[in-house]
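[1] Whatever this is, show me its structure:
(chains A and B)
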Amino acid sequence: MGLKRNFRVWRGNSEGEGALKDYEVDVLEGEVVLDVIFRIQATQATDLAVRWNCKAGKCGSCSVEINGKPTLMCMTRMNTFEENETITVTPLRTFPVTRDLVTDVSFNYAKAREVPAFTPPVGLEPGDYRMSQEDVSRSQEFRKCIECFLCQDTCHVIRDHEENKTNFAGPRVLMRVAELEMHPLDTLDRTRMAQEELGLGYCNITKCCTESCPEHIQITDNALIPLKERVVDVKYDPVKWLGNKIRVRSSND
Amino acid sequence: MSTVTSNDQQGVTTPGERAKIKARTLRSDRWWIQPAVIVGALIAFIIYSTWRAFENAYYYSEPLISPFYAPCLASSCIDGSSSFTPIGSWWILSPALIILVFPLGFRMTCYYYRKSYYRSFWLSPPACAVSDSHKRYTGETRAPLILQNSHRWFFFAGLVFNVILTYDALIAFRNSEGEWGHMSVGTVVLLANATFLWMYSLSCHTARHVVGGRLKHFSAHPIRYRAWTYMSKLNAKHPRYAWISLVGVAMTDLYVRQVASGSITNFYFF
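    Coordinates of the predicted model:
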C-alpha cells in the first residue's frame, strides 16, 4: 500500500453530539479524499455515514468541510496536502447533521420552492420564439450549478446566524432569481421579492459563495450584484423609478 | 410585467442540530494574511489622505494640481489653481474637504471595497468559513448600511471627477509659464492617474449594469450588448483597478506635493 496519512473525521449523531476521531490510513497515488474515506469505511469504521454518488464532481452529493473549507470530497486530490498534514473532515456546519458526515440540506429545497417558477407570456406556443445565444449565455453559467450547496454552507449570513434562515434564501436561490430576471421570456418581476422576502439585502458580497463554488460560477459578480443593481432600479433610484412610471423605459427590454 | 411575492416558507426551519464543533474555524491555512494586508494598506491610505486633506498647502505648482484638491472651489485656493470658486471666501477649512466626500463615497460604496472592509475591518466574516463572531447580523437591510445602495449616485459623481482630472492632465501639457506644447514627468503622472481612475470607473459593477446588464433581451440591443461584453471583461479586473487607482491617486498627490514644496524639480521632456 501507499503512504500512511492521518485523518480526523467527525463521528456524531443527529443531536449534534460527537467528536473528531483519528484514523491512520493508507493513501495511494492519485487518490482523492473520498477514496480515503471509503478506505476508512471499509477497514476501520464500517458504520461511517457518508453521502456520495457520481464521484466526478457533477452530482454535488459529497459536500463536506475539509480542513475547515467547504468542498467536494471527490474533487479534493490528496496530493494537494503536505505529506505530514493531518486532514480533518467534518460535515457542513450550516445544516443539521443526520449522522457523521451526512447533513440534512432540505432547507435549500424549501427555499427554492419559495421562488415563483418561470412564467412565459400567455399564449406563447413552443417554437414561437427563437432564443439567441446572447440571450441565454448569462443563464447558462448559472445552469452549471450542481446544487452541492457549498455556497449556502459557507455564507456567513446563515452559517453564523441560524436565526437568519427564515429571512435569507442564500446565494444559490438568489442566483436562480437572477437567472429568471435575465430570461427574455419571463414575465414576472421578482426584484422586490428578492429584496423584501428572500433577503438579498443580507448579502454583504464578501464572495465566499463564489470562492467555494466547484463549478467556478461567478455567483457574486454575475448574479448577486446584478440582482442588487436591479433592486436599486426599482427601490433606490428615483430617476429610474420615474422613467418606469412614465413609460420612458420598457420593463421588458 | 407583474411583481410577485414568494411562495410560502413551508419546511425552511428543519428540525435537528448542527454538528457541535466548538472551534471558530478548522481552517489550517493562513487565512488571516489577506485581511491583515488590506487593513494595513487601507489604514496607510487613510492616514496619508487625511493628513494631505488637512494640510492645505503644496497642492498646486503650475501646471500641476493634486487630485485631492481638484477641482478647487473655494476663494482660499492657491493662486492659479482654480478659476471657478463658487464656494467663496466663507469656507475657511481646507478646500479638499469640499470635494473629497464624492470620491470617498464612491469607494466606500464600491462593491469590491465593501467586500474588503466587511472582511478586514468588520470581520463579517474575516475569511470564508471563519466565524464572524457577531451576535446579530442584518447586513445591508437597514440603516446605515442600506445607504450602500447609493453607489450609483456616487458613480455618476465619480465620472464628473474623472472628466475634471482628465482636463487637469491635458492642461499639464504646458510649462510653468503657461505655454502649450510642453510635457513633463508631471504630465505623465497626471495622465496615468486619470487613466487609472477611468479604468476603475468603467470596470464598476454599476457601470456594467447601466450600460447593458439591466437588459433582458441582449439580442434586441446589439450595441449595448457589445458594450456590456467589453465592460464585463473590465469588471473581472475591478479589484485590480481599485487598488491601482487608489495607489495612483496617492502617488500623484505625493508627486505634486514634492514639486510644489520644492523638494524635487518637475523634469520637462520638451
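[2] A:Val206 against B:Tyr117, yeah?
    For residue A:206 the amino acid is Thr, not Val. No. The pair A:Thr206 / B:Tyr117 is not scored as a contact, 10.1 Å apart, by CB atoms under 8 Å. (Each C-beta comes from the backbone N, C-alpha and C, glycine too.)
[3] Looking at those two, which has the bigger crowd around it?
    A:Thr206 (25 against 18; other CB atoms under 10 Å in any protein chain shown).
[4] Make sure that one is indeed in a helix.
    No. The assignment for A:Thr206 is coil, going by DSSP: H, G, I helix; E, B strand; the rest coil, so no helix is present there.
[5] List the residues that contact it.
    Neighbouring residues of A:Thr206 by CB atoms under 8 Å, 6 or more residues apart in numbering or on different chains: A:156, B:115, B:118-119, B:124-125, B:128.
[6] Tell me the secondary structure of residue 22, please.
    Using chain A here. A:Asp22 is classified as strand under three-state DSSP.
[7] Not including adjacent chain positions, what is the nearest residue to it?
    In this structure, A:Asp22 finds its nearest non-sequential neighbour in A:Arg8, 5.6 Å apart by CB to CB, 6 or more residues apart in numbering or on different chains.
[8] The one helix or strand that neighbour maps to pairs with which strands?
    Using DSSP states H and E, A:Arg8 falls within strand A:3-12. Pairing partners of strand A:3-12, with direction, according to DSSP bridges: strand A:18-27 (antiparallel), strand A:87-90 (parallel).
[9] Pull the distance from the first one to the chain's centre.
    Relative to the chain's own centre, strand A:18-27 is displaced by 27 Å; criterion: CA atoms, centre = their mean, to the nearest Å.
[10] Can you mark which positions in the next helix-or-strand element following it are buried?
    Going down the chain from strand A:18-27, the next helix or strand is helix A:33-43, by DSSP H and E. By neighbour count on 16 or more other CB atoms under 10 Å in any protein chain shown, the buried set for helix A:33-43 is A:33-41.
[11] Mind giving me the packing neighbours of helix A:33-43?
    strand A:3-12, strand A:18-27, strand A:87-90 (3 or more CB pairs under 8 Å, 6 or more residues apart in numbering or on different chains; DSSP states H and E).
[12] Mind doing that once more with 6 Å?
    strand A:18-27 (3 or more CB pairs under 6 Å, 6 or more residues apart in numbering or on different chains; DSSP states H and E).
[13] Could I have the CA atoms of the strand it packs on written out in CSV?
    The C-alpha trace of strand A:18-27 is given here as CSV (Å, rounded to 0.1, in the frame of the first residue of the first chain):
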residue,chain,number,x,y,z
GLY,A,18,-19.9,13.8,18.6
ALA,A,19,-16.2,14.2,18.3
LEU,A,20,-13.3,14.2,15.8
LYS,A,21,-11.9,10.7,15.6
ASP,A,22,-8.4,9.9,14.4
TYR,A,23,-7.6,7.4,11.7
GLU,A,24,-4.3,6.4,10.2
VAL,A,25,-4.9,5.2,6.7
ASP,A,26,-3.1,4.1,3.6
VAL,A,27,-3.2,6.5,0.6
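[14] tilt between that strand and helix A:33-43?
    Per axes from the mean of the first three to the mean of the last three CA atoms, to 10 degrees, the angle that strand A:18-27 makes with helix A:33-43 is 100 degrees.
[15] Next, the buried residues of strand A:18-27.
    Buried, per 16+ other CB under 10 Å, within strand A:18-27: A:18, A:20-21, A:23, A:25, A:27.
[16] what about A:Arg5, how many neighbours?
    So A:Arg5, with other CB under 10 Å, has 19 neighbours.
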